[in-house]
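Enquirer: this one's structure only:
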Ligand SMILES: O=P(O)(O)OC[C@H]1O[C@H](O)[C@H](O)[C@@H](O)[C@@H]1O
C-alpha cells in the first residue's frame, strides 16, 4: 500500500512545512500590489491555460520560491503516489477498504481501470447505455406514465445523491430540453409537499437515488411519493412511475421498484463523487445522453491533465497548494467560492460536500491525530449578489478569506449588456481585494469629492481597504456541459491532493454517523413512545417541551 504515511514521510512533511514558514516570514513583508508592480510578467508566470480555461493564481501571496517549496511539500507528502494509487484502483479508502475510481465513470471506451484485476470500464459503459435508453425514452415519450408523456421528474435523494444532479441541472439550464425536474432531499415533509403541489401524478416520474438505499430521509420521502402515486393512480401503476439508482439493487427490488428500471453503480464510487454515475440520470433526462457524454468528456480531459501534467503546471495541484499555503502556513480558516454565474448558485453547496465531507478529518490514515489543520470551511454565493451582502467582510473584516472567482467569457443570452457588466464586476472584485485602497488614497478621494479636511480625517480609515487579500480566478469560454465537467473534476482532484498532504482518508465520512444514530434513539422520545430519562438535561428538557406542545 503506497498511501500509508511512514514515520520518515511524516518527518519530511513536517520539515517541508518548516521551510514554508520561512517563506511566510519573507512574504509578510511584501504586498501583492508591490509584487505586481515589480513584475509585469506575473500573470503569465502564475497562470495555467488548459484548452479555453485559464487558471489565474497570480493574485496570491506567493512568489516563485514559495511555490517551489510548496511543490516540494507535495512531493515529500506523496501526492504523486496517492494520485497513482487512485488511478491504479488501489484501495486508498482504507477505512472502508475500497478503491476510489470515479475517474472510471468518465473513461473513454479504450481506457482501462482495474478493480481487483477486472476492467470496470465495460460495466460503466453498460450502465451508461441503459441510462441513455431510459433517459431518451422518457424524453421522447416512449416511456410514459399512466397519464401520458412525463411532464415532471422528481429526484428523491440527499447528499451526494442530490447535490450533484441538482447543481448540474441548474447550471446547465440553457441545455435542458427534457421534462421539468425537481429535487426532494430534506426529510422535512415541507420539501416533498411543496414539490408535489400542483404536479399531476399520472405524468410524474420519481427517481429514487441512494447509493446505500438505506438513508432514512430518502426512504421516508420515497414512501410518501409511493403513497401519493398509489392514492392517485393505483397500486398497479407504481412500476410505471418509479425508477432507482443505487449500488444496492437487492434493496431496490425489496422496495418494489422493477429491477429493469434500476441503474447500478459500485462501492468504489463515493456519494459525493457520483454525479458521473447512474446518480446523473436526472441530468441525462434533462439535457439528453449526448450532452451528458460531453459533461463526462470534460471531466475526463481534466483527469488526463491531472494524471499527466507536471506538478508545477497541474491545475488541481496548484489549487491545492495555494489552499494549503493559506490554511496551514497563514492560518486562514475559510475558503470562499464565488461564481459569477447565477446558474452556479448551487456550486458552493456542492463543493461544501465534496470538500468538507472529504477533508473534514482529524486523524491520519493510520489513526493518529493530524499534526496540522485540515479542510477549511468552504462557502459562497454567486456574484454579483454576494457583493451586496457579505463582501464587506471579505474586504474590510478582520479575517482574510481566500476566494475562487469563476466566470465565463460568454453568457448564453443574446444581449451582452448583462454579461459584460457581470464580467467587469468579477474582475473588479478580484482586483479590489488584491489592491485595496490605502488611507492616503482614501484621503485623496475624499478630498477630491469636496469633503472638508475634518471630514476627510474622520472618514479616511473607514474608507481604507487593507487589500492583499488573495483569490484565484477561473476563466472559460462558456459554461457548457464540457466546461462544467472540467470544473467539477478540478475540485475533485484538488481534494485528493490536499488529503494526501494532510495524510487523511478523503473518502470516508464517519463524522455523519453519530447524529444519525442519536436521531434513531430520539425518535421514539419525540413521538412520546419512550421517555428521555438518562439524556443530558438540555436534550431531555427540549423533548419534554416538544411533548408538551404536541399535547
Ligand atoms: O446515497 P445515499 O446512500 O442515500 O447517501 C446520501 C448521503 O448521506 C450520507 O449520510 C453521507 O454523508 C453522504 O456522503 C451521502 O451522499
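Expert: Arrived safely, thanks for sending. Keep in mind it's a predicted model, so treat the numbers as computed, not measured.
Enquirer: check which helix or strand residue 243 maps to.
Expert: Secondary structure from DSSP states H and E places residue 243 in strand 242-246.
Enquirer: other SSEs contacting that strand?
Expert: Applying 3 or more Cβ pairs under 8 Å, 6 or more residues apart in numbering; DSSP states H and E, one finds that strand 242-246 contacts strand 204-209, helix 216-233, helix 249-255, strand 262-264. For glycine as for every other residue, the C-beta is placed from the backbone atoms N, C-alpha and C.
Enquirer: what's the closest non-adjacent residue to whatever residue of the stretch 1-150 of the chain ends up closest to the ligand?
Expert: Proximity of the stretch 1-150 of the chain to the ligand (Cβ to the nearest ligand atom) peaks at residue 96, 11.6 Å away. Distance criterion Cβ to Cβ, 6 or more residues apart in numbering; nearest residue to residue 96, sequence neighbours excluded, is residue 508 at 5.6 Å.
Enquirer: same question, residue 391
Expert: In space, and not counting its chain neighbours, residue 391 is closest to residue 429: 6.8 Å by Cβ to Cβ, 6+ apart.
Enquirer: for the strand or helix carrying that neighbour, packing partners?
Expert: Using DSSP H and E, residue 429 maps to helix 416-435. Packed against helix 416-435, as judged by 3+ Cβ pairs under 8 Å, 6+ apart, are the following elements: helix 32-38, helix 391-396, strand 403-408, strand 471-476.
Enquirer: could I get the ones you listed in a markdown table, plus columns for mean neighbour count?
Expert: Listed next are these as a markdown table, based on neighbours: other Cβ atoms under 10 Å:
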| stretch | mean neighbour count |
| --- | --- |
| helix 32-38 | 15 |
| helix 391-396 | 16 |
| strand 403-408 | 24 |
| strand 471-476 | 22 |
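Enquirer: and these: which comes nearest the ligand?
Expert: Nearest to the ligand among the helices and strands packed on helix 416-435 is strand 403-408 (22.5 Å), distances taken as Cβ to the nearest ligand atom.
Enquirer: smallest gap between the stretch 451-551 of the chain and the ligand, at which residue?
Expert: For the stretch 451-551 of the chain, Cβ to the nearest ligand atom, closest residue to the ligand: residue 512, 3.9 Å.
Enquirer: for that residue, give me its contacts.
Expert: Going by Cβ atoms under 8 Å, 6 or more residues apart in numbering, residue 512 touches residue 357.
Enquirer: try it again at 7 Å.
Expert: Contacts for residue 512 (Cβ atoms under 7 Å, 6 or more residues apart in numbering) come out as none.
Enquirer: need phi/psi at it.
Expert: Residue 512 has phi and psi values of phi -90, psi -10 when expressed as degrees, to the nearest 10.
Enquirer: could you find the closest non-adjacent residue to the residue in the stretch 301-450 of the chain that the ligand sits nearest to?
Expert: Proximity to the ligand, evaluated over the stretch 301-450 of the chain using Cβ to the nearest ligand atom, is greatest for residue 357 at 5.6 Å. Nearest residue to residue 357, sequence neighbours excluded (Cβ to Cβ, 6+ apart): residue 509, at 4.9 Å.
Enquirer: isn't the residue of the stretch 301-450 of the chain closest to the ligand up against residue 272?
Expert: Yes: with contact defined as Cβ atoms under 7 Å, residue 357 reaches residue 272; the gap is 5.7 Å.
Enquirer: which of these two has more neighbours?
Expert: residue 272 (26 against 22; other Cβ atoms under 10 Å).
Enquirer: for that one, give me its contacts.
Expert: Contacts for residue 272 (Cβ under 7 Å, 6+ apart) come out as 160, 353-354, 357-358.
Enquirer: next, format these as a markdown table and append secondary structure and distance to residue 69.
Expert: A markdown table is the format used below for the contacts of residue 272 (DSSP: H, G, I helix; E, B strand; the rest coil; distance: Cβ to Cβ, whole Å):
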| residue | secondary structure | distance to residue 69 |
| --- | --- | --- |
| 160 | helix | 35 |
| 353 | helix | 31 |
| 354 | helix | 27 |
| 357 | helix | 29 |
| 358 | helix | 25 |
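Enquirer: from the residues you listed, which is closest to residue 473?
Expert: Set against residue 473, the nearest of the contacts of residue 272 by Cβ to Cβ is residue 354 (19.8 Å).
Enquirer: how near is the closest residue in space to that closest one that isn't next to it in sequence to the ligand?
Expert: Here the nearest residue to residue 354 in space, its sequence neighbours aside, is residue 272; by Cβ to Cβ, 6+ apart that works out to 5.0 Å. Shown here: residue 272 relative to the ligand, a distance of 5 Å by Cβ to the nearest ligand atom, to the nearest Å.
Enquirer: all helices for the stretch 401-550 of the chain, in order.
Expert: All helices of the stretch 401-550 of the chain, identified by DSSP state H, counting those that start in this stretch, fall at 416-435, 439-448, 453-460, 481-502, 513-527, 537-550.
Enquirer: any idea which of those is most buried?
Expert: helix 481-502 (a mean of 25; mean count of other Cβ atoms under 10 Å).
Enquirer: hmm, back to that, check which helix or strand the residue of the stretch 1-150 of the chain closest to the ligand maps to.
Expert: Secondary structure assignment for residue 96, by DSSP H and E: no helix or strand.
Enquirer: residues near it, how many?
Expert: Around residue 96 there are 15 residues (other Cβ under 10 Å).
Enquirer: could you do residue 41 as well?
Expert: Residue 41 has 8 neighbouring residues, counting by other Cβ under 10 Å.
Enquirer: so how far is residue 47 from it?
Expert: 11 Å (Cβ to Cβ, to the nearest Å).
Enquirer: got a pLDDT number for the closest residue to residue 221 other than its chain neighbours?
Expert: The shortest distance from residue 221 to any non-neighbouring residue, by Cβ to Cβ, 6+ apart, is to residue 156 (4.7 Å). We note a pLDDT of 98 for residue 156 in this prediction.
Enquirer: so residue 156 sits against residue 222, correct?
Expert: Yes: contact criterion Cβ under 7 Å: residue 156 and residue 222 qualify, at 5.3 Å.
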